[in-house]
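Undergrad: With the sequence up front, the predicted model follows.
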Amino acid sequence: AQSVTQPDIHITVSEGASLELRCNYSYGATPYLFWYVQSPGQGLQLLLKYFSGDTLVQGIKGFEAEFKRSQSSFNLRKPSVHWSDAAEYFCAVAISGNTPLVFGKGTRLSVIA
Amino acid sequence: DGGITQSPKYLFRKEGQNVTLSCEQNLNHDAMYWYRQDPGQGLRLIYYSQIVNDFQKGDIAEGYSVSREKKESFPLTVTSAQKNPTAFYLCASNPRQGAGTEAFFGQGTRLTVV
């Protein structure tokens, strides 16, 4: 079965600094890959997704992610973090469009002035 | 506006009582899902349904039951057999067809059992 690892439980960055959240997956083939964001007490909002093509994908709110097949990774990046980016971020995979998403345990992002 | 509606947002129940969480979608999506979220655990799949009148167990189905009598609705019942029901519950849906289709989420129901 596929699994997703987000190594960092909690990250703190200064406003305006760059950000990289790590995600590694375990699956034989290339799965469909997603990043979601969750504000406290809310549902999840899709930031971006990858299923084929260009390995650098752009998402909403200035986020991007890069798929690296050799490392089984799909790391999320943002060049300059805003205080409103403070939230929990989840990486997820699916082996096809018809299967449920499998989520990592999430990374909580704090932003300091 | 199209979307997924979960109700209620907060729910309190006494231990030993069954409780049903509502999930309705007007996106015309075929597939619907229930996830449970606990701090530090991410989202874990409880049940999912890819078509009306059919559903499958997820990773943590024990103590839960579902039905899918209508395409728009996928209610989740938390039974008294669920040993630790206090959690945040999220419902999601997706069109099921096509590559890379993401899941859309409701706003969640926080269940507290006392």
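TA: Done, it's in.

Undergrad: quick one: B:I4 from A:R77, how far?
TA: Distance, B:I4 to A:R77, using C-beta to C-beta, to the nearest Å: 29 Å. The C-beta positions use only the backbone N, C-alpha and C, and glycine is treated the same way.

Undergrad: Can you pull up the residues of chain A that come close to chain B?
TA: A:9, A:32, A:34, A:36, A:41-46, A:49-52, A:90, A:97-98, A:100-106 (C-beta under 8 Å from any C-beta of the partner chain).

Undergrad: Give the buried subset of those as a PyMOL selection command.
TA: Command for PyMOL that selects the buried part of the residues of chain A next to chain B, burial taken from 16 or more other C-beta atoms under 10 Å in any protein chain shown:
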select buried, chain A and resi 32+34+36+42+43+44+46+49+50+51+90+97+100+101+102+103+104+105+106
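
Undergrad: what does chain B have sitting close to chain A?
TA: B:4, B:6, B:31, B:33, B:35, B:40-45, B:48, B:50, B:58, B:88, B:90, B:92, B:94, B:96-108, B:110.

Undergrad: Now the buried members of the residues you listed.
TA: Of the residues of chain B next to chain A, these count as buried by 16+ other C-beta under 10 Å: B:4, B:6, B:31, B:33, B:35, B:42-45, B:48, B:50, B:58, B:88, B:90, B:92, B:94, B:96, B:101-108.

Undergrad: tell me the centre residue of chain A?
TA: The centre of chain A sits closest to A:W35, judged by C-alpha atoms, centre = their mean, with a distance of 3.6 Å.

Undergrad: give the contact list for it.
TA: A:21, A:23, A:46-49, A:59, A:63, A:65, A:74, A:76, A:89-92 (C-beta atoms under 8 Å, 6 or more residues apart in numbering or on different chains).

Undergrad: The same query, at a cut-off of 7 Å, please.
TA: Contact analysis of A:W35 by C-beta atoms under 7 Å, 6 or more residues apart in numbering or on different chains lists A:L47, A:L48, A:G59, A:A65, A:L76, A:Y89, A:C91.

Undergrad: where in chain A is pLDDT low?
TA: Across chain A, the ranges flagged by pLDDT under 70 are A:97.

Undergrad: so of the residues of chain B next to chain A, which ones are in strands?
TA: Among the residues of chain B next to chain A, the members falling in strands (DSSP state E) are B:4, B:6, B:31, B:33, B:35, B:42-45, B:48, B:50, B:88, B:90, B:92, B:94, B:104-105, B:110.

Undergrad: For B:M32, which non-adjacent residue is spatially closest?
TA: Spatial nearest neighbour of B:M32, excluding adjacent residues (C-beta to C-beta, 6 or more residues apart in numbering or on different chains): B:F74 at 3.9 Å.

Undergrad: looking at the sheet around the residue nearest to the centre of chain A, what are its partners?
TA: Under DSSP bridges, the beta-bridge partners of A:W35 are A:L48, A:C91.
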